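Trainee: after the sequence you'll find the predicted model.
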Amino acid sequence: MDYLKPFADNLMSFCQKRLGFKRPPRLFYKEDEKNASNILGFTGQYNPGKMEITVFTTGRHPKDILRSIAHELVHHHQNIRGDLNKLGISTDPGYAQKDPHMRKMEKQAYLIGNLLLRDWEDGIKHKHNKEVNIMITEEKYRQQLRKKIRRTIHNLLNESDHEPIPVYEEEEENEASTDQVRVNTPEQEDEIQSSIFAPRLVALNARLMSNWSIGK
Ligand SMILES: [Zn+2]
């Protein structure tokens, strides 16, 4: 589960911030071959008394596991709000259909959990694309600058027939940046905070993907 952990931790803090609960739950990963072979087996569970999330990992796509974590985190938030310990609510089989309150809790968890995962994922991809765009813009700017300097030196050399023109050192190029894109407005705060590890996560993802394609 080592490959999943940094993603799960990042998602956990994203959801915690979005949902606004102070105390995070404990998270357990469970490998279970027998459960995995059951098509209708468990994917995730939340224990409100212990404030523990358990996600089943065997045979699942990592993003599907992350989706379970986001879903169970919404249940954790409901628990902290006191919505899971109302009198008379049931967790007997069929509770999601029979108990109107619990059906509402499930609706919330599916809707908000899935949207949290989507926002977290898009935030990471957006941050990564933005960084790539900035790198491309900066490189283009450097190229233009080098071109301009060479042209200026060339013109000066042609005009002048006395003073030797100092040689331009390419390494000491102007480090002026066109990086004006990072705007840290309060509206973007969530996204920026959540994607602070984006390059690391994207790099890790790429490494894992290449490992998988070599290994299988
Ligand atoms: Zn649920």
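Mentor: Looks like it came in fine. Numbering: from 1, shown residues only.

Trainee: contacts and neighbour counts: CA atoms only from here.
Mentor: Fine.

Trainee: show me where the protein has its helices.
Mentor: Using DSSP state H, the helices found in the chain span residues 5-19, 33-37, 62-81, 95-98, 100-159, 186-194, 198-215.

Trainee: can you redo these as TSV with distance to residue 51?
Mentor: Formatted as TSV, the helices of the chain follow (distance: least, C-alpha to C-alpha, whole Å):
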stretch	distance to residue 51
helix 5-19	14
helix 33-37	22
helix 62-81	7
helix 95-98	20
helix 100-159	16
helix 186-194	23
helix 198-215	27
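
Trainee: now for residue 5: which residues touch it?
Mentor: Counting by C-alpha atoms under 8 Å, 6 or more residues apart in numbering, residue 5 touches no other residue.

Trainee: separation between residue 13 and residue 63?
Mentor: 16 Å (C-alpha to C-alpha, to the nearest Å).

Trainee: ok, back up a step: ok, of the helices of the chain, where does mean pLDDT dip lowest?
Mentor: Of all these, helix 186-194 carries the lowest average pLDDT, namely a mean of 61.

Trainee: show me the contact partners of stretch 102-109.
Mentor: Residues contacting stretch 102-109 (C-alpha under 8 Å, 6+ apart): 71-72, 74-75, 78, 89-90, 95-97.

Trainee: equivalent analysis for stretch 48-65, please.
Mentor: Counting by C-alpha under 8 Å, 6+ apart, 4, 25-33, 36, 42-47, 68-69, 72-73, 76, 79, 84 sit against stretch 48-65.

Trainee: right, I'll call it a day here.
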